[in-house]
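# Return atomic coordinates for the entry below.
(one chain, ligands or ions: 1)
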Amino acid sequence: MCGIVGYVGKQKAATLIIEGLKRLEYRGYDSAGVAVWQNGHIEVAKKTGRVANLEKEAARHKLTGTTGIGHTRWATHGGVTDANAHPHVSSDGRIALIHNGVIENYASMKKFLAGKGYTFASETDTEVLCNLIAYHYAKEPEVAGENRLLDSVRKTLRHAHGTYGIVVLAVDRPGELVTARKGSPLILGIGDGENLVASDVAAIVSRTQSVVYLKDGEIALLTAGSFSISTLDETDVTPVIDKVTWSISDAEKGDYAHFMEKEIFEQPVALENAMRGRFSEDGSTAQFGGLNITPAEFRQIERFMFCACGTALHACMVTEHQIERFARMPVECDYASEFRYRNSPLFPNTLFFVMSQSGETIDTLAALREAKRKGYKVLAVNNVVGSTIAREADGGIYQHVGPEVGVASTKAFTSQLLIGAMLALYIGRMRDLSFGAGVRMVNALKGAPDLVRKALEQAPHIRAIAKRYAHHTDMLFLGRLSLYPIALEGALKLKEISYIHAEGYPAAEMKHGPIALVSEKCPSVFLAPQGEIFSKILSSMQEIKARKGPIIAVVTEGTELPAGLADEIITIPACEEIVLPIVASIPVQLLSYYIAVERGCDVDKPRNLAKSVTVE
Ligand code: F6R
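Predicted structure coming up:
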């Protein structure tokens with residue numbers, strides 16, 4: 001959730017760290033801070049609010065040192081104050097620390113440290129951890145051939161319960177950083193005469209594309225010219241250096257007003273990337289390289305279980321519908337956060353899937369671990385290469401859509417829908433889906449990017465509608481079958497970026513309660529494409545209209561609605577059922593985006609949210 005950057009090299013650390021923090025701001029934006037070693041002491045600048053505030057504060061501190069650490073915070077322990085911002089410095093002034101995660105036993109540590117005379121300026125668990133490192137550091141003897149800072153951090157972490165990604169700087173060790181992780185991502189950037197550490201590749205990709213993904217339980221020592229990795233129990237680790245495949249321009253807004261806008265309009269290309277090389281030569285099915293499960297094993301599977309959070313769960317719900325419809329196999333879907341504690345009975349021969357853009361969502365990771373603990377094979381649909389979920393899953397499918405920076409997920413969502421549809425096709429073709437039906441579905445999926453391009457052409461029209469509806473305080477999103485999860489997604493998008501209260505419902509379910517909300521003040525967005533139950537959706541619209549509810553109808557091009565039924569009409573191109581959820585997502589994304597812009601909301605950094613939720 002929080003963003004972490006550390007630098008050791010020859011350049012001004014604060015400048016590079018603040019540049020990195022700006023790229024990580026989507027991870028948390030309650031406060032930001034930087035600590036730099038210079039002239040024999042640790043100089044700290046920190047400020048509540050955005051990184052821009054920190055930049056001004058840092059200028060006052062004249063930070064010239066070449067070793068430093070920086071952080072953007074998403075508050076967990078303690079309110080949003082300058083004192084609670086990271087980095088924290090131990091009360092003896094010797095250790096500075098940044099931390100992502102939660103230390104569960106911080107209260108007992110604090111009591112112990114208070115008894116030893118340590119004092120605390122903040123309410124955070126991080127400051128307690130920092131002081132415990134300082135305590136061990138003060139006690140640890142200097143032994144030739146050993147690193148005292150590394151040993152003190154190891155000792156401290158052996159006592160820490162919870163999750164952490166940390167970077168430590170010591171006042172008497174200029175040119176050194178110690179970093180360690182458990183449950184929070186950390187990546188080392190291996191540069192030329194400089195080394196970096198960050199919670200996300202986006203913060204370091206402008207300096208180097210050579211990275212090492214640190215694993216849980218590992219600790220690293222960085223200097224300008226070297227890095228070494230070991231475990232908490234002092235076993236040396238041979239690092240694997242990976243190359244990042246995307247460049248800095250992928251993580252920049254370019255000419256777009258917001259990352260969310262850029263990512264919405266990137267979707268045709270994102271879909272092309274997500275499907276590239278994934279159709280069989282005979283053009284009748286999908287193929288995936290990384291499933292790590294043979295077709296023979298796959299045929300033994302009798303049901304599927306999907307777990308995820310938020311938008312990714314909505315993608316799972318569409319996938320559930322499509323696997324059941326096209327592959328005729330039972331699927332269950334659950335919130336990852338519920339699954340992990342529910343102890344629900346699982347059937348044998350169940351294949352478990354998790355979906356996660358970031359691959360770091362703690363609830364999804366916990367669901368994966370729980371399923372593995374119960375002996376199930378778990379596959380992951382995931383965007384961020386090398387993420388914890390990607391590493392811990394038994395196999396999976398990368399989304400390949402590049403970095404998604406906007407907090408509200410868009411291109412990651414539609415690529416999850418695409419992969420879900422391809423899975424339905426793949427499984428269906430192993431069962432009773434015919435060659436001809438498979439070819440038709442492959443062609444439909446290959447056509448998805450162009451259909452999305454067409455749907456995006458409605459943007460100016462949707463923007464005009466958004467202007468007329470932006471003042472509302474409540475909205476309903478209604479859809480059926482595979483578009484019911486798209487209605488949920490539309491409501492989620494709208495509430496998270498515009499703060500309008502919105503609910504998604506299956507259209508026909510609306511009359512069992514939510515219809516009580518309907519009035520001229522509560523518009524309904526109907527997802528009403530042509531199809532088997534179009535006439536039923538029209539009936540639901542009539543019920544809303546009879547109660548004076550304004551209607552925004554998303555319909556297939558060429559549809560003639562009864563006069564006066566809809567107040568606004570948005571069209572989507574006619575398409576096969578398998579791609580319909582992808583195409584129908586575009587108008588709800590655009591509507592939410594333009595409403596939020598109209599209301600003057602900070603679209604890319606909505607209040608209280610952060611891009612990847614690595615705490616419970
Ligand atoms: C909403 C949104 C969130 C995420 C959820 C899971 O726009 O982005 O609901 O979908 O936090 O995140 P990942 O997919 O990274 O596991």
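
# Name the nearest residue to whichever residue of the chain sits closest to the ligand, ignoring sequence neighbours.
With CB to the nearest ligand atom as the measure, residue 310 is the residue of the chain nearest to the ligand, at 1.9 Å. No exception for glycine: its C-beta is placed from N, CA and C like everyone else's. Closest residue in space to residue 310, ignoring its immediate chain neighbours: residue 492 at 6.8 Å, by CB to CB, 6 or more residues apart in numbering.

# Run a quick neighbour tally on that neighbour.
23 (other CB atoms under 10 Å).

# That one and residue 3: what is the separation?
Per CB to CB, to the nearest Å, residue 492 is found 23 Å from residue 3.

# my read: residue 432 touches residue 438, true?
No: using CB atoms under 8 Å, residue 432 is not in contact with residue 438, being 10.9 Å away.

# More neighbours: which of the two?
Neighbours per residue (other CB under 10 Å) separate residue 432 from residue 438, with residue 438 holding more: 22 against 9.

# In the chain, which residue sits furthest out from the middle?
Most distant residue from the mean C-alpha position of the chain: residue 144, 43.8 Å away (CA atoms, centre = their mean).

# Can you pull the phi/psi pair for that residue?
phi -60, psi 140 (degrees, to the nearest 10).

# where's residue 268, which helix or strand?
helix 267-275 (DSSP states H and E).

# Tell me the first helix or strand C-terminal of that helix.
Next element after helix 267-275 (DSSP H and E): helix 295-300.

# Skip ahead from that next one and say which helix or strand is next.
strand 303-308.

# Using CSV, write out every CA atom in the next helix-or-strand element following that next one.
Remark: after strand 303-308, the chain's next helix or strand is helix 310-322, criterion DSSP H and E. The C-alpha atoms that make up helix 310-322 are tabulated as CSV, following Å, rounded to 0.1, in the frame of the first residue of the first chain:
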residue,chain,number,x,y,z
GLY,A,310,-12.8,-5.8,-5.8
THR,A,311,-12.7,-5.3,-9.5
ALA,A,312,-10.8,-8.6,-10.0
LEU,A,313,-13.6,-10.4,-8.2
HIS,A,314,-16.0,-8.9,-10.8
ALA,A,315,-13.8,-10.4,-13.5
CYS,A,316,-14.0,-13.8,-11.7
MET,A,317,-17.8,-13.5,-11.6
VAL,A,318,-18.0,-13.0,-15.4
THR,A,319,-15.6,-15.9,-15.8
GLU,A,320,-17.8,-18.1,-13.6
HIS,A,321,-20.7,-17.3,-15.9
GLN,A,322,-18.8,-18.0,-19.1
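
# The next helix or strand after helix 310-322 vs strand 303-308, what angle?
Where DSSP H and E defines the elements, the next helix or strand beyond helix 310-322 is strand 331-335. Angle, strand 331-335 to strand 303-308, by axes from the mean of the first three to the mean of the last three CA atoms, to 10 degrees: 20 degrees.

# Would you mind identifying the next helix or strand past strand 331-335?
Following strand 331-335 toward the C-terminus (DSSP H and E): helix 336-342.

# Buried residues, that following helix. List them.
Across helix 336-342, burial judged by 16 or more other CB atoms under 10 Å covers 336-337, 339-340.

# near the ligand, which residues of the stretch 451-600 of the chain show up?
492, 496 (CB under 6 Å from any ligand atom).

# Which pLDDT value goes with the residue of the chain closest to the ligand?
Here the pLDDT value assigned to residue 310 is 97.

# And residue 610, by the same measure?
67.

# Just checking: what are the partner strands of whatever helix or strand residue 188 lives in?
Using DSSP H and E, residue 188 falls within strand 187-190. Using DSSP bridges, strand 187-190 pairs in its sheet with strand 195-198 (antiparallel), strand 210-213 (antiparallel).

# before we move on, back to that, could you dump the buried residues of helix 336-342 into JSON lines and include pLDDT and distance to the ligand?
Putting the buried residues of helix 336-342 into JSON lines (pLDDT from 0 to 100; distance: CB to the nearest ligand atom, whole Å) gives the following:
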{"residue": "336", "pLDDT": "96", "distance to the ligand": "8"}
{"residue": "337", "pLDDT": "94", "distance to the ligand": "10"}
{"residue": "339", "pLDDT": "94", "distance to the ligand": "14"}
{"residue": "340", "pLDDT": "85", "distance to the ligand": "14"}
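
# Now do the same contact list for the residue found closest to residue 240 once you drop the neighbours it is linked to in the chain.
Distance criterion CB to CB, 6+ apart; nearest residue to residue 240, sequence neighbours excluded, is residue 212 at 6.6 Å. For residue 212, the contact set (CB atoms under 8 Å, 6 or more residues apart in numbering) comprises 187-188, 190, 220, 227, 229, 239-242.

# and residue 255, how many neighbours?
Neighbours around residue 255, by other CB under 10 Å: 6.

# For residue 45, which residues are in contact?
14, 33-35, 54, 57-58, 60-61, 63.
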